[in-house]
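Asks: Okay, structure incoming, though there's no sequence with it:
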């Protein structure tokens, strides 16, 4: 199905709205449930599944999402804008992913780590899905613009 630029802009806006619906959900390492907790990649996966960009019930890590989309869409060092995917790297592999809501903000599950497994651990670490500034100076960061046609409209 060929989508118009306006259809793609609508999908981009829906992706951001879906991401907003996850705000304040606890972070859980390998979490796949909006009820019991989500990790960073699952926040992105849930939104992408709902707008039809990836198949339902498909499990992607941050690295898996990078590998899937970096060969198909433009990659940059600067955030292109709403709906872009932001990836942070360690030792050459994508270890964290978020959805850009603007050129300076993201929605992401953060604050936890591989030991964050319970709601009380997430609460103690202030680990949940939240807005965060794009801080490209701290770690290597790259952006994939999955809606390049929509820039400027």
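Replies: Everything's here; your move. Remember, it's a predicted structure, so these values are computed and weren't measured experimentally.

Asks: neighbours of residue 48, just the number please.
Replies: The local packing of residue 48 (other CB atoms under 10 Å) involves 23 other residues. Quick note: C-beta positions are derived from backbone N, CA and C, even for glycine.

Asks: Would you verify that it is located in a helix?
Replies: Yes - the assignment for residue 48 is a helix, going by DSSP: H, G, I helix; E, B strand; the rest coil.

Asks: residues contacting it?
Replies: 15, 54 (CB atoms under 8 Å, 6 or more residues apart in numbering).

Asks: Tell me the spacing between it and residue 55.
Replies: 10 Å (CB to CB, to the nearest Å).

Asks: And residue 116, by the same measure?
Replies: From residue 116 to residue 55 the distance is 28 Å (CB to CB).

Asks: Pick out whichever of those two has more residues nearby.
Replies: residue 116 (23 against 8).

Asks: Residue 81 contacts residue 104, correct?
Replies: No - the pair residue 81 / residue 104 is not scored as a contact, 9.8 Å apart, by CB atoms under 8 Å.

Asks: low-scoring stretches of this structure, by residue?
Replies: Scanning the chain for pLDDT under 70 picks out the ranges 1, 136-138.

Asks: Now the most centrally placed residue in the chain: closest residue in space, sequence neighbours ignored.
Replies: Here the mean C-alpha position of the chain is nearest to the C-alpha of residue 98 (CA atoms, centre = their mean), at a distance of 2.8 Å. Leaving aside its sequence neighbours, residue 98 sits nearest to residue 108 (CB to CB, 6 or more residues apart in numbering; 3.4 Å).

Asks: show me where the chain has strands.
Replies: When assigned using DSSP state E, the strands of the chain occupy the ranges 32-33, 37-38, 75-76, 85-90, 93-100, 105-110, 128-133, 141-144.

Asks: Pull out the buried residues from stretch 88-102.
Replies: 88, 89, 94, 95, 96, 97, 98, 99, 100, 101 (16 or more other CB atoms under 10 Å).

Asks: actually stretch 38-47, not the one I wrote
Replies: 38, 39, 40, 41, 42, 43, 44, 45, 46, 47.

Asks: separation between the second one and residue 65?
Replies: So that's residue 39. 12 Å.
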